[in-house]
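Chemist: kindly generate the corresponding structure for this input.
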Amino acid sequence: MRHELYLFAQLVRKCRNARDLLQGKCVHAQILESGLIHERFLANLLVEMYGKCGSVEESRAVFDGIQEPNLFSWTNMLAVYAQRGDLQKAKEIFGKMPEKDRVAWNAMIQAYARSGCFGKAKEMFDVMSNRNVVSWTTVLAALAQEGNFELAKDMFDRMPRRDSVSCNAMMDACVQSQDFERVREMFFSMLEKDIASWTTILAANAQVGNFSFLLQLFHKMPLHNAVAWTILFLAYAHNGDLCMARRIFSMLPEKSLVEWNALIQAYAQNGHAKTTLELFSFMAMEGIAPNSVTFLTLLAACNHIGLVEIGRWYFLSMIQDHHLVPSHQHFCCMIELLGRSGRLREAEEFAASMPAVEMAMSRSLVGACNLNGESDRGERIARRALECDPENAAPYVMLTSVYSLEDGENFSL
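Modeler: Here you go, the predicted model:
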C-alpha cells in the first residue's frame, strides 16, 4: 500500500506542476477506485492540484470529504481561494481554521491584496506576529499595485531580510513609478540575480528608451527566456528596426496579441501600410483575435494609402464580427479617411453618428471641405461645433477659414 500511495502522490504532483486538469481527474478516479482517498496526505495533494488547475469547486469537494482536516488541509484550501481572488471564501476558511500558521496568514494577506483591499492587507500584516520575507514581499507588492510607491520603498528599506523575490518586487515597483535610476542601482547591487531580475532591468531600459544598454544587458544574460526575447523584439519594433524585429518575432516561442500588435504597429508607423494589412491576415490565420488597438492601426494604415473601402470593411468588421465598441479615435480615423478621399457627405454622416464630435475632428472635416470647395458643408460643420462649445475659439477660426475662401464676402457670426 505504501508503494501505491507514493506512486499516486507522484502522479498528482506531476498533474499539479503541468496544470493538467484532465489527467488529474483520471488520477483522482484511480485513487477513488483504490480506496486510498481517505488517506489525508493524498487528499491534501488533490486539493492543491485542483486549485492549481483552476478547478476550485473540485478542490472544495475534496476538502469537504476529508474527515479530519489538518493544518495543511486548511491552508491548502485557503491558498486556493486566495490565488483565485475569492476573498469571501478565503475569509470563511481563515475564520474556521482551528489553528493558523504563518503560511495561512500570508495566504490571507495575499487574498486581500488580490481583491484590491490593500488597506486590509496592510492591517493584517501589522498585527501578524511571525512575519517572514514572504509577508513583507506580499505587502510590498500590494502597495506598489495600489500606486503607493513611497510606502512600498519604505517597507523595502525596513525589511529585516531580503531575497531575490523581494528585490525583484521592489525593482518592479520602481519601474512602475518610473524610478529607473533606483532600478539600475538595485540590479547591480544584487549578489544573486535570477531571470526575473534580468527581465525587469530589460523592461526598465526599454521603457526609458535606452536601446543600446538594453542590448548590452541582453547579451550578458546567462540565459534567455520568452519574456526576454519579447522585450528585445518590442525594443527593435519601437526603434523602427523592422528587419531585426521581424527576425526575432519569427523566433518567439509564443506570439500573443501584444507581440502581433507591436509588429503591425511598427510597420504602420514606418509607412509600410500594405505589409501592415498583410500581417493582420497572417495574425488572423494564426487564430489570434484582434482588439481595438489592432483596428486603430489598420485604419491608420488605410488612411495612409487611401484605401477607403478596405478601411470601411475593417471598421464594420470590428463592430459586427469582433463585437468591439469603436472609440473616438476609430471614428476620427474613419472620418479623416473619408474626408481626405473627398467623400465629404459620408464623412459628415460618420461624424453625426459619433457619441460626441471632437473639435479636432471638426477642424479636419472643415479643412477637407475647404480643399474640395464645399464651403456650405464646411460652414454647417463649423456652426455645429460652435453650438456644441460656444466658449471655444476653434469654431470661429473654422468659420473664418470657410468664409475667407469666398472672395471677400462679408459674414457675421
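
Chemist: where's the nearest residue to residue 271 once chain neighbours are set aside relative to residue 238, distance?
Modeler: Counting by C-beta to C-beta, 6 or more residues apart in numbering, the nearest residue to residue 271 once its immediate chain neighbours are dropped is residue 304, at 6.8 Å. Any C-beta I mention is one placed from the backbone N, CA and C, and that applies to glycine too. Distance, residue 304 to residue 238, by C-beta to C-beta, to the nearest Å: 19 Å.

Chemist: so where's the chain shaky on pLDDT?
Modeler: Scanning the chain for pLDDT under 70 picks out 1, 354-360, 389, 394-396, 405-413.

Chemist: the same query, at a cut-off of 80, please.
Modeler: Flagging of the chain using pLDDT under 80 yields the residue ranges 1-2, 340, 344, 348-368, 370-413.

Chemist: residue 269 and residue 300: what is the separation?
Modeler: Applying C-beta to C-beta to residue 269 and residue 300 gives a distance of 9 Å.

Chemist: ok, residue 141 - contacts?
Modeler: Neighbouring residues of residue 141 by C-beta atoms under 8 Å, 6 or more residues apart in numbering: 113, 152, 169, 172, 173.

Chemist: what's downstream of the strand or helix carrying it, the next helix or strand?
Modeler: Using DSSP states H and E, residue 141 sits in helix 133-146. The helix or strand immediately downstream of helix 133-146 is helix 149-158, counting by DSSP H and E.

Chemist: now the angle from that following helix to helix 133-146?
Modeler: 160 degrees (axes from the mean of the first three to the mean of the last three C-alpha atoms, to 10 degrees).

Chemist: could you measure from the residue nearest the centre of the chain over to residue 286?
Modeler: Nearest to the mean C-alpha position of the chain, by C-alpha atoms, centre = their mean, lies residue 258 at 8.6 Å. Separation of residue 258 from residue 286 (C-beta to C-beta): 14 Å.

Chemist: got a list of what residue 196 touches?
Modeler: By C-beta under 8 Å, 6+ apart, the contact set of residue 196 is 164, 165, 168.

Chemist: among these, name the ones in helices.
Modeler: 164, 165, 168 (DSSP state H).

Chemist: is it true that residue 173 touches residue 148?
Modeler: No. Here residue 173 lies out of contact with residue 148, judged by C-beta atoms under 8 Å, at a distance of 9.4 Å.

Chemist: tell me which of these two has more neighbours.
Modeler: Comparing residue 173 with residue 148 by other C-beta atoms under 10 Å, the one with more neighbours is residue 173, at 24 against 17.

Chemist: work out for me the element that one sits within.
Modeler: helix 164-176.

Chemist: and the angle from that helix to helix 133-146?
Modeler: Orientation note: helix 164-176 sits at an angle of 10 degrees relative to helix 133-146 (the same axes, to 10 degrees).

Chemist: pull out the buried positions in helix 164-176.
Modeler: Within helix 164-176, the residues scored as buried using 16 or more other C-beta atoms under 10 Å are 165, 166, 167, 168, 169, 170, 171, 172, 173, 174, 175.

Chemist: how much space between residue 312 and residue 55?
Modeler: Noted for residue 312: a distance of 45 Å to residue 55, by C-beta to C-beta.

Chemist: cool, residue 101 as well?
Modeler: With C-beta to C-beta as the criterion, residue 101 and residue 55 are 25 Å apart.

Chemist: looking at the two, which is more packed in?
Modeler: Neighbours of residue 101 and residue 55, each counted by other C-beta under 10 Å, are more numerous for residue 55; the result is 17 against 14.

Chemist: what's near enough to touch the nearest residue to the more buried one once chain neighbours are set aside?
Modeler: Using C-beta to C-beta, 6+ apart and skipping residues adjacent in sequence, the residue nearest residue 55 is residue 21, 5.8 Å away. Applying C-beta under 8 Å, 6+ apart, we find residue 21 in contact with 15, 50, 53, 54, 55.

Chemist: and those, which two are furthest apart?
Modeler: Within the contacts of residue 21, 15 and 54 form the most distant pair, 12.6 Å apart (C-beta to C-beta).

Chemist: give me the more crowded residue out of these two.
Modeler: Per other C-beta under 10 Å, whichever of residue 15 and residue 54 has more neighbours is residue 15, with 24 against 13.

Chemist: looking at it, the more buried one is touching residue 31, isn't it?
Modeler: No. Taking C-beta under 8 Å as the definition, residue 15 is not a contact partner of residue 31, at 11.5 Å.

Chemist: joint contacts of the two?
Modeler: Contacts common to residue 15 and residue 31, judged by C-beta under 8 Å, 6+ apart, are absent.

Chemist: list the buried residues for stretch 194-211?
Modeler: 195-208, 210.

Chemist: let me have the contacts of residue 196 in TSV, extended by distance to residue 318.
Modeler: What follows is these, written out as TSV (distance: C-beta to C-beta, whole Å):
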residue	distance to residue 318
164	44
165	41
168	38
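
Chemist: mind checking how far the residue nearest to the centre of the chain is from residue 147?
Modeler: Plainly put, residue 258 is 23 Å away from residue 147 if you go by C-beta to C-beta.

Chemist: now residue 89
Modeler: From residue 89 to residue 147 the distance is 27 Å (C-beta to C-beta).

Chemist: neighbour-wise, which of these two wins?
Modeler: Set residue 89 next to residue 147 and count neighbours by other C-beta under 10 Å: residue 89 wins out with 18 against 13.

Chemist: so which strand or helix has the more buried one?
Modeler: Counting by DSSP H and E, residue 89 is part of helix 87-96.

Chemist: other SSEs contacting that helix?
Modeler: Applying 3 or more C-beta pairs under 8 Å, 6 or more residues apart in numbering; DSSP states H and E, one finds that helix 87-96 contacts helix 71-84, helix 102-114.

Chemist: who touches the longest one?
Modeler: When you say that, I think you mean helix 71-84. Applying C-beta under 8 Å, 6+ apart, the set of residues contacting helix 71-84 is 40, 43-44, 47-48, 50-51, 54, 56, 59-60, 63, 66, 69, 87, 89-90, 93-94, 96-99, 101, 103-104, 107-108, 110-111, 114.

Chemist: what does stretch 87-103 contact?
Modeler: 71, 74-75, 77-79, 81-82, 104, 107-108, 111-112, 114-115, 117, 128, 130-132, 135.

Chemist: can you rerun that using 6 Å?
Modeler: The contact list for stretch 87-103 (C-beta atoms under 6 Å, 6 or more residues apart in numbering) reads 71, 74, 75, 77, 78, 81, 82, 108, 111, 115, 130.

Chemist: identify each buried residue in that stretch, please.
Modeler: Those would be 87, 89, 90, 91, 93, 94, 97, 100, 103, for stretch 87-103 by 16+ other C-beta under 10 Å.
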